[in-house]
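# would you be able to build a 3D model of this:
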Amino acid sequence: MYIYFGGLMISYFTRNGIEYAKTDGKSVRIGSRVTKENQQYIGRVIDKENHVFCNRERGMFTYDPVTGEYGIADDHYDSSLKQDKRKKEKLLLDFGDVYFLDQLLVKTGYDEVLKAVGYQNYDTLVTMLMYYIISEKANSHAQTWYDGSIARILYPHANISSQRISDFLNSIGQEEKQQNYFRAHISWLKKHVCDDPAIIVDSTGLPNDIDTYLKDISNHNGKVSRESRMTVAVQRDSGYPLLYRLHPGNIVDCTTLQKTIVTLLMYDVETDLALLDAGYCTAEIMDDLLDRDIDFVTRLPESHSSLYQEVLSKLKPSLLKENNLMEFNGRYVYIARTEVRIGKKKRTAYAYLGYDVNRYTDEIHKAAGKPAKKKKSIHEMHDLITEGGYFIILSSLPYASDEILIVYYVRQLVEQYFDISKGLSKLIPLRGHSEDVIFGHLLLSQAAATMNLYIQTAMNVLPENREDILMSLRNQKCTVYSTRIIPSEAQSKANEFYRKFGISSPVSFKRTKDGLIPQMGISL
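Residues are numbered from 1 along each chain as shown. This is a model prediction of the structure:
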């Protein structure tokens, strides 16, 4: 069948009951033989009326028969091309890990956060989230994982070919869907986890080779690299992420804090206390925070030389006394407090001079043990011996000296979040060729880290033990029949996780056109 479109002829043909399309091209006679010139295969017909097609090279796409241009298909289109008839479907699938996460999303209500993103093919979104939680492999392996997992039956419309994943990330990385996600995610946190407005703000480098304005030269703590930097706001009382912001590596930390706090206001988070790294400690930032009645705790960098020396001169002579010594997390620290004036407006704050005995000895041993070519000079060693181990914490609130370390080192929660994001939730390496794809990747990574944190907190385990949880669950397989799916018996450790989260593993599932129906007994 031929259809003519303003100069282009498209022909449609059917093979094995499936309709395909191609441009007809121009007939050319060569001797006694007639051939077609410039004939072009388009792909499988998905929606003839709206010119939506699919092929292995492009995934799902639109084709304009008037201009010959290709475009991106709407999110809700999916394709059964992934069900390659030449490839025999597996009848023994990984079961426990995906089933557990599927049930956990529903029990926690986080599935509503995903739906609020506004991506029309929910199966693709939730499948890719599962992959981000379960696997550390590149997205190019997602289809292989999907083919061997119960995910392909729970989410049959997922379209996760390599090309379609790029289109998917590009879509959820768009600003509208990012805002939808933050709004729903923060509302979920307030309802199910914690609604305290105290935050921790920090940034981390994301090295990458992507040609984008988001990558530039970074000099962070003396380490020079080409990278993007991600600023993250984390709840102080829970350690859960609120939102992320991405910017070029050459943007210094102090310029991102105010925009992060204002962005939080757009999602009804009115910050009242900020725990900050030293990179955010400037006179302008301190003035601005106090003007808006936002209290803060931060480390005072030595670059604030006048204030730093003022605190040293006040407290150092009398610091090393028994009444100033405390034990904190297995370390011995001398600490004392004095009142200071901060910012350009010279308002009252409190400075805490600390002397970390363990850190001091570590620094001395490290310096003394270096090879001869890298050893410090006598002058440098003298400075290290006389000045090493000291640090200053600055606070707008008058905490007791034995409380300030507990307050400040809650900041470690953001470092733990970075560890979970980078190590377990596929934050790095960044892969993509556009800003929207990168932001889509960050959305999935934060959602995956949120679920990983939820599991880790509920089980009271270390991050590396989370992998043990999912591996134990993955060992529970299932057998696929035409009308029923039967999971194998869960091992004792997997049953422990099921019980902890109130999740039951059914005896079997009845397969219907509307999905799987759990069967808790043996009735057919």
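# buried ones in the host helix or strand of residue 493?
For residue 493, the element it lies in under DSSP states H and E is helix 492-500. By neighbour count on 16 or more other Cβ atoms under 10 Å, the buried set for helix 492-500 is 494, 495, 497, 498. The way it works is simple: take the backbone N, C-alpha and C, and place the C-beta from them, glycine included.
# next one: stretch 187-200
187, 188, 189, 190, 193, 197, 198, 199, 200.
# how about stretch 134-150?
For stretch 134-150, burial by neighbour count (16+ other Cβ under 10 Å) applies to 134, 135, 139, 142, 143, 145, 146, 147, 149, 150.
# just the buried residues of helix 492-500 now: which is nearest residue 260?
residue 497 (35.5 Å; Cβ to Cβ).
# secondary structure class of the residue lying closest to that closest one once chain neighbours are set aside, three-state.
Leaving aside its sequence neighbours, residue 497 sits nearest to residue 469 (Cβ to Cβ, 6 or more residues apart in numbering; 5.7 Å). Secondary structure for residue 469, judged by DSSP: H, G, I helix; E, B strand; the rest coil, is helix.
# same deal with residue 351?
Once three-state DSSP is applied, residue 351 turns out strand.
# hmm, who's touching the host helix or strand of residue 14?
Per DSSP H and E: residue 14 is located in strand 8-15. Outside strand 8-15, the residues within contact range by Cβ atoms under 8 Å, 6 or more residues apart in numbering are 1-3, 19-24, 42, 45, 48, 65-66, 68.
# put the buried members of those residues into a ChimeraX selection.
Entered in ChimeraX, the line below selects the buried ones among the contacts of strand 8-15, by 16+ other Cβ under 10 Å:
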select :20,21,22,23,24,42,45,65
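# what's the lowest-pLDDT member of the contacts of strand 8-15?
Least confident of these in the model: residue 2, at 49.
# shaky segments in the stretch 51-200 of the chain?
56, 59, 78-88 (pLDDT under 70).
# again, only this time at 90
Scanning the stretch 51-200 of the chain for pLDDT under 90 picks out 51-91, 135-140, 159-164, 166-167, 196.
# tell me where it has strands.
Taking DSSP state E, counting those that start in this stretch, the strands of the stretch 51-200 of the chain run over residues 52-55, 59-63, 70-72, 92-94, 199-207.
# residue 93 contacts residue 149, correct?
Yes: between residue 93 and residue 149 there is a contact under Cβ atoms under 8 Å: 5.8 Å.
# quick one on the thing from earlier: and the next element down the chain from the strand holding residue 14?
strand 18-23.
# and the angle from that following strand to strand 59-63?
50 degrees (axes from the mean of the first three to the mean of the last three Cα atoms, to 10 degrees).
# put the alpha carbons of stretch 348-363 into CSV.
Output in CSV follows, covering the C-alpha atoms of stretch 348-363 (Å, rounded to 0.1, in the frame of the first residue of the first chain):
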residue,chain,number,x,y,z
THR,A,348,27.4,38.1,67.9
ALA,A,349,28.3,34.5,67.2
TYR,A,350,30.2,31.7,69.0
ALA,A,351,33.6,30.3,68.1
TYR,A,352,34.8,26.9,69.3
LEU,A,353,38.5,26.1,69.2
GLY,A,354,39.2,22.4,69.1
TYR,A,355,42.4,20.4,69.4
ASP,A,356,42.0,16.8,68.0
VAL,A,357,44.7,14.7,69.7
ASN,A,358,44.2,11.8,67.3
ARG,A,359,44.3,14.0,64.2
TYR,A,360,47.5,15.7,65.5
THR,A,361,49.4,12.4,66.0
ASP,A,362,48.2,11.1,62.6
GLU,A,363,49.5,14.3,60.9
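# residues contacting residue 436?
With contact set as Cβ under 8 Å, 6+ apart, residue 436 has these partners: 169, 170, 171, 173, 174.
# you'd agree it is in a strand?
No: under three-state DSSP, residue 436 sits outside any strand and is assigned helix.
# just give the closest residue to it, not the sequence neighbours.
Excluding its sequence neighbours, the residue lying closest to residue 436 (Cβ to Cβ, 6+ apart) is residue 173, at 3.6 Å.
# low-scoring stretches of the stretch 401-524 of the chain, by residue?
Using pLDDT under 90, the stretch 401-524 of the chain drops low at 402, 406, 408-438, 452-453, 455-472, 491-497, 512-516, 520-524.
# ok, the nearest residue to residue 181 once chain neighbours are set aside to residue 429 distance?
Nearest in space to residue 181, with sequence neighbours left out and distances taken as Cβ to Cβ, 6+ apart, is residue 117 at 5.0 Å. Using Cβ to Cβ, to the nearest Å, residue 117 is found at 24 Å from residue 429.
# ok, residue 256 next?
Residue 256 is 22 Å from residue 429, by Cβ to Cβ.
# between those two, which is the more surrounded one?
More crowded of residue 256 and residue 429, by other Cβ atoms under 10 Å: residue 256, with 20 against 12.
# dump the residue contacts of that one.
Contacts for residue 256 (Cβ under 8 Å, 6+ apart) come out as 203, 231, 245, 247.
# same check on residue 336?
Residue 336 neighbours (Cβ under 8 Å, 6+ apart): 315, 318, 319, 324, 352, 353, 401.
# repeat that for 10 Å
By Cβ atoms under 10 Å, 6 or more residues apart in numbering, residue 336 lies in contact with 311, 314-316, 318-321, 323-324, 351-355, 401.
# now the buried members of those.
Listed as buried from the contacts of residue 336 are 311, 314, 315, 319, 324, 351, 352, 353, 354, 355, 401; burial here means 16+ other Cβ under 10 Å.
# possible to save the residues you listed as JSON lines with distance to residue 126 and secondary structure?
Formatted as JSON lines, these follow (distance: Cβ to Cβ, whole Å; DSSP: H, G, I helix; E, B strand; the rest coil):
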{"residue": "311", "distance to residue 126": "52", "secondary structure": "helix"}
{"residue": "314", "distance to residue 126": "58", "secondary structure": "helix"}
{"residue": "315", "distance to residue 126": "55", "secondary structure": "helix"}
{"residue": "319", "distance to residue 126": "55", "secondary structure": "coil"}
{"residue": "324", "distance to residue 126": "54", "secondary structure": "helix"}
{"residue": "351", "distance to residue 126": "50", "secondary structure": "strand"}
{"residue": "352", "distance to residue 126": "47", "secondary structure": "strand"}
{"residue": "353", "distance to residue 126": "51", "secondary structure": "strand"}
{"residue": "354", "distance to residue 126": "47", "secondary structure": "strand"}
{"residue": "355", "distance to residue 126": "51", "secondary structure": "strand"}
{"residue": "401", "distance to residue 126": "49", "secondary structure": "helix"}
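# mind putting these in CSV, distance to residue 334 included?
Listed next are the buried ones among the contacts of residue 336 as CSV, based on distance: Cβ to Cβ, whole Å:
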residue, distance to residue 334
311, 14
314, 14
315, 10
319, 5
324, 5
351, 15
352, 11
353, 8
354, 7
355, 4
401, 10
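# which member of those residues is positioned nearest residue 109?
Sorting the buried ones among the contacts of residue 336 by how near they are to residue 109, with Cβ to Cβ, puts residue 352 at the top with 40.9 Å.
# so what sits against both of residue 93 and residue 149?
residue 478.
# pull the CA atoms of stretch 389-398 into CSV?
These are the backbone C-alpha positions of stretch 389-398, laid out as CSV (Å, rounded to 0.1, in the frame of the first residue of the first chain):
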residue,chain,number,x,y,z
GLY,A,389,45.4,19.4,65.2
TYR,A,390,43.6,22.7,65.7
PHE,A,391,40.3,23.6,64.1
ILE,A,392,37.5,26.2,64.7
ILE,A,393,33.8,25.8,64.5
LEU,A,394,31.6,28.8,64.1
SER,A,395,27.9,28.9,65.3
SER,A,396,25.2,31.5,65.5
LEU,A,397,23.8,29.6,68.5
PRO,A,398,25.5,29.2,71.9
